[in-house]
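Novice: Sequence and predicted model, in that order:
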Amino acid sequence: MDIRIRTNQTIYIIDIGGEMALADSILLKELVMKMIEKKVEKFIINMKHVSTFDSSGIGALIYISSTLKKMNLELAIANVQGPVKDVIDLTKLSNYFIICEDVKTAIETLS
């Protein structure tokens with residue numbers, strides 16, 4: 001899994017590419033927890049280039065989302081398509097997350 005972090009003012013965008021399996025899911029959770037320690041309050045997880053996504057990936061997103069909600073922090077997930085969309089649709093979690101068509105829309109949603 002490739003991870004890149006960029007910012008748009010106070011919103012941090014985590015671009016993910018490649019596979020998102022168990023080890024990658026753990027890495028993503030650890031990354032977000034470190035960002036919380038640094039006082040980041042708004043997150044976008046950009047799933048545009050994710051090629052493989054399994055139940056550990058959905059588990060990581062649920063964990064991250066619930067942790068951020070408890071802390072009154074914000075999360076949007078952008079570019080849900082392909083394998084990510086399939087898993088989210090299968091688990092019927094599309095209403096649990098704030099899902100945006102693209103990063104631009106996610107930025108507007110969190111601004």
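Specialist: All right, it came through fine.

Novice: Confidence-wise, which helix or strand of the protein is lowest on average?
Specialist: Least confident helix or strand of the chain, by mean pLDDT, DSSP states H and E, is helix 82-91 with a mean of 85.

Novice: where's I44, which helix or strand?
Specialist: strand 42-53 (DSSP states H and E).

Novice: nope, A23 is what I meant
Specialist: Applying DSSP H and E, one finds A23 within helix 22-37.

Novice: Give me the residues contacting that helix.
Specialist: With Cβ atoms under 8 Å, 6 or more residues apart in numbering as the test, helix 22-37 has contacts from 1, 3, 5, 12, 14, 16, 18, 20, 43, 45, 54, 56-57, 59-60, 63-64, 67-68, 71, 73. All C-beta spots, glycine's among them, are computed from the backbone N, C-alpha and C.

Novice: and if we set it to 10 Å?
Specialist: For helix 22-37, the external contacting residues (Cβ atoms under 10 Å, 6 or more residues apart in numbering) are 1-3, 5, 12, 14, 16, 18, 20, 40-41, 43, 45, 50, 52-61, 63-65, 67-68, 71, 73, 75.

Novice: Cross the residues you listed against strands and list the overlap.
Specialist: 2-3, 5, 12, 14, 16, 18, 20, 43, 45, 50, 52-53, 75 (DSSP state E).
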